[in-house]
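Colleague: Please work out how this folds:
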Amino acid sequence: VGRGGVVVRVRCALVKRARKHFVEFPGGVKAVLGVNGYIWLACEGGGGVEEKGEGGDEAMGDDGEDGTEEEENRRRAVFRIRAAIEALDKAFIQISEETVTDVLRESIQNGFAVADMLRPENLDTVTASARARRAMAL
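Modeller: This is a model prediction of the structure:
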């Protein structure tokens with residue numbers, strides 16, 4: 001997702017002002033968490049992604065015909081993080097570097113494919129540790 005990336009739109013109330021809004025997630029995925037509810041995800045390296053997701057998400061970039069395994073891993077990382085952010089939005093949990101990482105960890109530990117992370121029956125499982133983090137903060 002070199003020149004391009006993915007924009008994810010969430011409820012702006014879930015993205016609070018923080019010390020840093022530019023974060024890096026596992027897999028080399030960099031994000032800009034906008035307090036206006038727009039989150040930009042991009043991965044270092046070549047290639048891009050073209051996709052129009054549900055809920056107003058847009059992706060743009062190169063045609064992605066590279067087809068290398070490394071390129072596929074980059075795309076998977078970006079879209080897993082996108083699904084984690086969307087899961088937090090659906091569960092109305094604050095979106096931060098920590099909560100997104102919690103959802104990523106839960107989804108991998110439970111063996112969920114990216115497409116399965118947002119299923120209603122899996123939503124509670126993938127957001128459990130993020131909810132616990134929120135409860136501890138209260």
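
Colleague: got any ranges where this protein has weak pLDDT?
Modeller: 1-3, 45-67, 138 (pLDDT under 70).

Colleague: at 80 what do you get?
Modeller: 1-4, 44-67, 134, 137-138 (pLDDT under 80).

Colleague: Select the longest helix from it.
Modeller: The single longest helix within the chain, with elements called by DSSP state H, is helix 69-90.

Colleague: continuing past it, what's the next helix or strand?
Modeller: helix 97-109 (DSSP states H and E).

Colleague: Name the residues that touch that following helix?
Modeller: The contact list for helix 97-109, computed with CB atoms under 8 Å, 6 or more residues apart in numbering, reads 20, 23, 25-26, 31, 33, 80-81, 83-85, 87-88, 93, 117, 125-130, 133-134. Every residue, glycine included, has its C-beta placed from N, CA and C.

Colleague: buried ones in that helix?
Modeller: Residues of helix 97-109 classed as buried: 97, 99-104, 106-107 (neighbour count, 16 or more other CB atoms under 10 Å).

Colleague: how big is the angle separating that helix from helix 69-90?
Modeller: 110 degrees (axes from the mean of the first three to the mean of the last three CA atoms, to 10 degrees).

Colleague: Output helix 97-109 as PDB - backbone C-alpha positions only.
Modeller: Presented in PDB, the C-alpha positions along helix 97-109 are these (Å, rounded to 0.1, in the frame of the first residue of the first chain):
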ATOM      1  CA  GLU A  97      -3.200   2.500  19.500                       C
ATOM      2  CA  GLU A  98      -3.800   0.300  22.500                       C
ATOM      3  CA  THR A  99      -7.300  -0.800  21.800                       C
ATOM      4  CA  VAL A 100      -6.600  -1.500  18.200                       C
ATOM      5  CA  THR A 101      -3.600  -3.600  19.200                       C
ATOM      6  CA  ASP A 102      -5.900  -5.500  21.800                       C
ATOM      7  CA  VAL A 103      -8.400  -6.300  19.000                       C
ATOM      8  CA  LEU A 104      -5.600  -7.500  16.700                       C
ATOM      9  CA  ARG A 105      -4.200  -9.700  19.400                       C
ATOM     10  CA  GLU A 106      -7.600 -11.300  20.200                       C
ATOM     11  CA  SER A 107      -8.400 -11.900  16.600                       C
ATOM     12  CA  ILE A 108      -5.100 -13.700  15.900                       C
ATOM     13  CA  GLN A 109      -5.300 -15.700  19.200                       C
END
